[in-house]
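**Student:** I would like to see how this sequence folds:
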Amino acid sequence: MNGSLVCSQCGQTLEAFKKDGLLGCAACYPAFAAELTRIFKRLHGATQHCVVEIPKLETEVTLKARLRDAVAREDYEEASALRDRILVIKSTSI
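**Tutor:** Prediction:
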């Protein structure tokens, strides 16, 4: 692909994109489609987005609910571990 490609919307050039890695606007994607496809394939091994499930972050509220449940079940070992995790969350969220 030659370096003379230019986005008709914002004027971003392919060479500027290659230099700084930033696209100027949404119209740059179709303007540089062929080059972007090659770049994405090289960087990510694929050209389509694959959804990866991200584990839910435990919040203080969810941990407290689990703590109450553990105490109700008299599972004091789990309750102690949950209490410690809550204390860590409280100490890191200033």
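**Student:** for the rest of this, base every contact and every neighbour count on C-alpha atoms.
**Tutor:** OK.
**Student:** could you export the helix or strand harbouring Glu15 as PDB, CA atoms only?
**Tutor:** Per DSSP states H and E, Glu15 falls inside helix 14-20. The C-alpha trace of helix 14-20 is given here as PDB (Å, rounded to 0.1, in the frame of the first residue of the first chain):
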ATOM      1  CA  LEU A  14      -1.700   6.800   6.200                       C
ATOM      2  CA  GLU A  15       1.900   7.900   6.800                       C
ATOM      3  CA  ALA A  16       0.800  10.000   9.800                       C
ATOM      4  CA  PHE A  17      -1.100   7.000  11.100                       C
ATOM      5  CA  LYS A  18       1.900   4.700  10.700                       C
ATOM      6  CA  LYS A  19       4.000   7.300  12.600                       C
ATOM      7  CA  ASP A  20       1.800   8.000  15.600                       C
END
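**Student:** quick one: average pLDDT of whatever helix or strand comes next after it?
**Tutor:** Next along the chain after helix 14-20, taking DSSP H and E as the criterion, comes helix 28-31. Averaged over helix 28-31, pLDDT sits at 92.
**Student:** list the buried ones in the very next helix or strand once past helix 28-31?
**Tutor:** Per DSSP H and E, the first helix or strand lying C-terminal to helix 28-31 is helix 33-44. For helix 33-44, the neighbour count (16 or more other Cα atoms under 10 Å) marks 35-36 as buried.
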